[in-house]
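S.K.: can't give you the sequence, but here's the structure:
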């Protein structure tokens, strides 16, 4: 049994590298993009606010799998410009995850801003802080602290959602597990894949718990 596990663990770890790479790209880009969407929603320019709200509604209201399939297989079918929209599968998957999770993070950050007492803004004026100083020194640190648990939960969900890469033929962890199961008629690869996912999410959970403790007393 150990010889078999050793023989399949290498390709599965290669798949895990793809999973982690997608996660890192998606999280690094979607969080700041989500914050920009939050600012757009709160914009005093109504068309910008409406467009941002519509975008968030569409991305949160349709399945991530549908969005991935549309980007990978739907965009190239658009008349006239479709041939210019053919993307590498991994690039297309990254784009899909970024656009989807930015909408979720935008709602998380919006909730964090709403949770801040309006008295904080008034107190900042009394202290003589301008709008920029109030935002960067008072509001954003509190928003980040409030939103951190929800960001942590969404990040763990993102790790698990990377399994959707299997549907667009990107060779990630689940792809190699399924290949081994079909070839060897054993469920052991599924158990190994589950353990690898659990280890990834454990590391991520511990990291966010460390962040929460750090900023709780900051």
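M.R.: Arrived safely, thanks for sending. Note that the structure is a prediction, hence the values are computed from the model and not measured. Numbers count the residues shown, from 1 in each chain.
S.K.: residue contacts, residue 103?
M.R.: Shown here is residue 103, whose contacts under the criterion Cβ atoms under 8 Å, 6 or more residues apart in numbering are 34, 37, 55-56, 59-60. Quick note: C-beta positions are derived from backbone N, CA and C, even for glycine.
S.K.: go with 7 Å
M.R.: By Cβ atoms under 7 Å, 6 or more residues apart in numbering, the contact set of residue 103 is 37, 55-56, 59-60.
S.K.: could you do residue 30 as well?
M.R.: Applying Cβ under 7 Å, 6+ apart, we find residue 30 in contact with 98, 101-102, 105.
S.K.: now distance to residue 201 too, for those, in TSV please.
M.R.: Putting the contacts of residue 30 into TSV (distance: Cβ to Cβ, whole Å) gives the following:
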residue	distance to residue 201
98	20
101	16
102	21
105	18
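S.K.: for residue 194, state which of those residues is nearest.
M.R.: Of all the contacts of residue 30, residue 194 sits closest to residue 101, with 22.8 Å by Cβ to Cβ.
S.K.: just checking, residue 76 touches residue 86?
M.R.: Yes. Taking Cβ atoms under 7 Å as the definition, residue 76 is a contact partner of residue 86 at 4.7 Å.
S.K.: so for these two, which sits in the more crowded spot?
M.R.: Between residue 76 and residue 86, counted using other Cβ atoms under 10 Å, residue 76 has the larger neighbour count: 15 against 11.
S.K.: so where do the helices sit in the chain?
M.R.: Residue ranges of the helices in the chain, as given by DSSP state H, are 2-41, 46-61, 64-69, 89-114, 119-126, 131-133, 140-161, 173-184, 188-216.
S.K.: and the third one, what's buried?
M.R.: What it means is helix 64-69. For helix 64-69, the buried set under the neighbour-count rule, 16 or more other Cβ atoms under 10 Å, comprises 64, 67-69.
S.K.: kindly report the same for the fourth one.
M.R.: Neighbour-count burial for helix 89-114 flags 89-90, 92-110, 112-113 (criterion: 16+ other Cβ under 10 Å).
S.K.: can you check the first one too?
M.R.: Counting neighbours by 16+ other Cβ under 10 Å, one finds that the buried residues in helix 2-41 are 8-9, 11-12, 15-16, 18-20, 22-23, 25-27, 29-31, 33-35, 37-41.
S.K.: got it, and the second one?
M.R.: Applying a neighbour-count criterion of 16+ other Cβ under 10 Å, one finds 52, 55-56, 59 buried in helix 46-61.
S.K.: what is the end-to-end distance of stretch 181-191?
M.R.: With Cα to Cα, to the nearest Å as the measure, stretch 181-191 spans 11 Å from end to end.
S.K.: let me see the mean pLDDT of that stretch.
M.R.: Averaged across stretch 181-191, pLDDT comes to 88.
S.K.: how far away from the center of its chain is that stretch?
M.R.: Relative to the mean C-alpha coordinate of its chain, stretch 181-191 is positioned 29 Å out (Cα atoms, centre = their mean, to the nearest Å).
S.K.: what's in contact with it?
M.R.: Surrounding stretch 181-191, the residues in contact under the criterion Cβ under 7 Å, 6+ apart are 4-5, 8, 12, 177, 180.
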